[in-house]
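> predicted coordinates and the sequence they were generated for:
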Amino acid sequence: MDHVEALECTLCGETYDPDQLIYTCPEHEGVKGILDVIYDYGRVAERFDEPLDGRIDSLWKYRAFLPVEDESTAVTLGEGGTPLLDAPRLGDELDIDLRVKDDGRNPTGVLKDRATGVSLTKAREFGLDIVTCASTGNAAASLAGFAARGGLDCRLFVPGDAPAGKLAQPLVYGADVLGVDGSYDEAYDLSMEVTAQFGWYNRNAAVNPFQVEGKRTVGHELAEQTQDDLPDWLVFSMGDGCTIAGGWKGFREFRDLGFVDDAPKMLGVQAEGASGIHDAFKQHDDIDEVADTVADSIAVGRPRNTVKACTALEESDGDSVLVSDEAILAGEALLGRTEGVYAEPAGAAPVAGLKKARDQGIIEPGESVIVVVTGNGLKDTESAMRAAGDVEHIAPDIDDVVERYPDEV
């Protein structure tokens with residue numbers, strides 16, 4: 001990997017060999033010393049010879065940017081290459097130029113597949129055949145699917161209140177799914193203990209430095225897809241902070257290499273019941289470490305990638321907002337009925353955040369905005385029913401239909 005220079009601690013700047021198996025900087029207690037992958041962008045530019053023509057079959061189009069060996073066979077299910085859709089009806093309602101990046105189209109239905117494909121390719125490079133993570137459901141499904149694809153054993157730790165619909169996926173993929181009687185953060189801590197004791201490869205997005213590198217391909221794709229019509233804003237939901245950090249890093253790289261002329265501002269959206277990154281960005285003192293939100297995919301009480309997320313917001317001259325669970329569910333229904341995009345609550349949170357940002361004047365009328373949907377609505381159908389309402393039952397009789405639609409007969 002001559003295009004990868006080092007793994008650098010985001011707190012103290014200490015650097016480590018990128019070829020060694022290391023998760024966080026040992027100079028800091030716990031998992032605070034998050035590592036960032038540092039590249040030789042001269043070498044990256046030399047390696048990258050793909051046409052920026054908008055045709056993206058998978059994220060592996062950007063392999064030259066990824067921290068994998070040249071000879072490695074990728075563990076892939078065809079992740080990436082998701083569509084960027086115009087959203088004129090919702091855009092008109094909000095008085096903006098709106099597009100939607102639907103990353104719920106990834107193989108297991110979630111943006112996290114971008115990270116998993118890269119990290120499991122790294123697991124095989126390190127010669128490890130058992131992989132693990134803690135998850136509220138999406139990362140578990142993603143890891144299990146890619147582990148099955150790559151012939152690796154998968155052991156998952158999920159909180160006891162994880163949606164049953166999300167746990168069906170990893171079970172079908174053949175993973176060991178261990179329900180922890182506690183919160184996501186407790187499941188996370190247990191997964192870290194297990195990693196240290198058993199030596200399994202840990203996919204946890206906040207501490208595995210290669211996870212964010214896969215996620216940043218959403219920024220590469222967005223830069224390529226919008227090179228002739230760059231957005232003013234990108235809107236992401238935030239849980240651990242890895243996704244918005246990755247999206248910013250990828251777009252910024254394309255700007256810095258001269259592939260696009262500019263980079264957008266980032267708007268980070270968190271649920272009111274899981275607001276750690278927003279609170280840190282706004283420099284609040286009363287940070288609550290207990291997560292409580294319908295958007296389980298971003299229900300993180302102690303975000304581990306706060307530094308990278310806040311850096312993305314600061315460097316891009318962006319902002320962050322908090323939204324209620326009611327607003328998230330309303331955003332899910334609004335996105336569905338106006339644009340036909342089916343998002344899980346965490347994937348719809350950017351719509352709720354966009355509405356709030358418009359109300360607060362953060363985003364101005366007429367600005368160009370892209371919301372990134374991170375997960376498909378089929379991940380959480382119970383919440384979808386809360387968002388959209390119940391089925392209306394009628395008798396098998398034409399008169400009931402006429403009564404329902406009297407003006408259309």
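On my side now, so go ahead. All values reported here derive from a predicted model rather than from experimental measurement.
> for the rest of this, base every contact and every neighbour count on C-alpha atoms.
Will do.
> can you give me the end-to-end distance of stretch 168-181?
18 Å (CA to CA, to the nearest Å).
> contacts for it?
For stretch 168-181, the surrounding residues in contact (CA atoms under 8 Å, 6 or more residues apart in numbering) are 140-145, 148, 153-160, 167, 186-187.
> could you pull out the buried residues of that stretch?
Neighbour counts using 16 or more other CA atoms under 10 Å place Gln169, Pro170, Tyr173, Ala175, Val177, Val180 of stretch 168-181 among the buried residues.
> for the nearest residue to Asp2 once chain neighbours are set aside, grab the count of nearby residues.
Leaving out its chain neighbours, the residue that sits closest to Asp2 by CA to CA, 6 or more residues apart in numbering is Arg43, at 7.5 Å. Around Arg43 there are 14 other residues, counting by other CA atoms under 10 Å.
> so Arg43 is in contact with His3, correct?
Yes. Between Arg43 and His3 a contact is recorded at 5.3 Å, counting by CA atoms under 8 Å.
> mutual contacts of these two, please.
Counting by CA under 8 Å, 6+ apart, nothing touches both Arg43 and His3.
> now the end-to-end length of stretch 370-390.
30 Å.
> mind listing what's buried in it?
Of the residues in stretch 370-390, those buried (16+ other CA under 10 Å) are 370-381, 383-384, 387.
> what about that stretch, average pLDDT?
Per-residue pLDDT over stretch 370-390 has a mean of 92.
> what's it in contact with?
98-105, 109-112, 138, 163, 165-166, 231, 233-237, 294, 329-330, 332-333, 342-348, 350-351.
> go again with 7 Å.
Contact partners of stretch 370-390, identified using CA atoms under 7 Å, 6 or more residues apart in numbering, comprise 98-104, 109-111, 163, 165-166, 231, 233-236, 329-330, 332-333, 342-344, 347-348, 350-351.
> can I have the buried ones of those as a PyMOL selection?
This is how PyMOL selects the buried members of those, with burial counted by 16+ other CA under 10 Å:
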select buried, resi 98+99+100+101+102+103+104+109+110+111+163+166+231+233+234+235+236+329+330+332+333+342+343+344+347+348+350+351
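> and the contacts of stretch 370-390, which of them are in strands?
Leu98, Arg99, Val100, Lys101, Asp102, Trp233, Leu234, Val235, Phe236 (DSSP state E).
> the third one contacts Thr82, correct?
No. Taking contacts as CA atoms under 7 Å, Val100 lies outside contact range of Thr82: 10.4 Å.
> mind picking the two most distant members of the buried residues of stretch 370-390?
Spatial extent of these (CA to CA) is set by the pair Ile370 and Thr381 at 24.7 Å.
> what segments of the stretch 201-350 of the chain are strands?
Assigned by DSSP state E, counting those that start in this stretch, the strands in the stretch 201-350 of the chain fall at 201-202, 233-237, 265-271, 319-323.
> possible to save the ones you listed as CSV with mean pLDDT and distance to Glu27?
Formatted as CSV, the strands of the stretch 201-350 of the chain follow (pLDDT from 0 to 100; distance: least, CA to CA, whole Å):
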stretch, mean pLDDT, distance to Glu27
strand 201-202, 96, 20
strand 233-237, 98, 30
strand 265-271, 98, 29
strand 319-323, 98, 30
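> tabulate those strands (TSV), appending distance to Ala245.
As requested, those are arranged in TSV below (distance: least, CA to CA, whole Å):
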stretch	distance to Ala245
strand 201-202	20
strand 233-237	10
strand 265-271	10
strand 319-323	13
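> looking at those, which is nearest to Asp92?
Among the strands of the stretch 201-350 of the chain, strand 233-237 sits nearest to Asp92 (CA to CA), with 16.4 Å.
> distance of the closest residue to Ala162 other than its chain neighbours from Ala6?
What sits nearest to Ala162 in space, not counting adjacent residues and going by CA to CA, 6+ apart, is Thr136, at 5.2 Å. Distance, Thr136 to Ala6, by CA to CA: 31 Å.
> out of those two, which sits in the busier spot?
Higher neighbour count among Thr136 and Ala6: Thr136, with 27 against 18, using other CA under 10 Å.
> isn't the more buried one right up against Asp296?
Yes. At 6.3 Å, Thr136 and Asp296 qualify as touching, with contact defined as CA under 7 Å.
> ok, the residue most central in space within the chain - contacts?
Taking CA atoms, centre = their mean, the centroid of the chain lies closest to Thr243, which sits 4.2 Å from it. Contacts for Thr243 (CA under 7 Å, 6+ apart) come out as Val212, Lys215.
> could you do Ser58 as well?
Gly78, Glu79, Gly80, Gly81 are the contacts of Ser58 under CA under 7 Å, 6+ apart.
> export these as CSV, with columns for pLDDT.
Shown next, in CSV, are the contacts of Ser58 (pLDDT from 0 to 100):
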residue, pLDDT
Gly78, 97
Glu79, 98
Gly80, 98
Gly81, 98
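> highest neighbour count among those?
Gly80 (26 neighbours).
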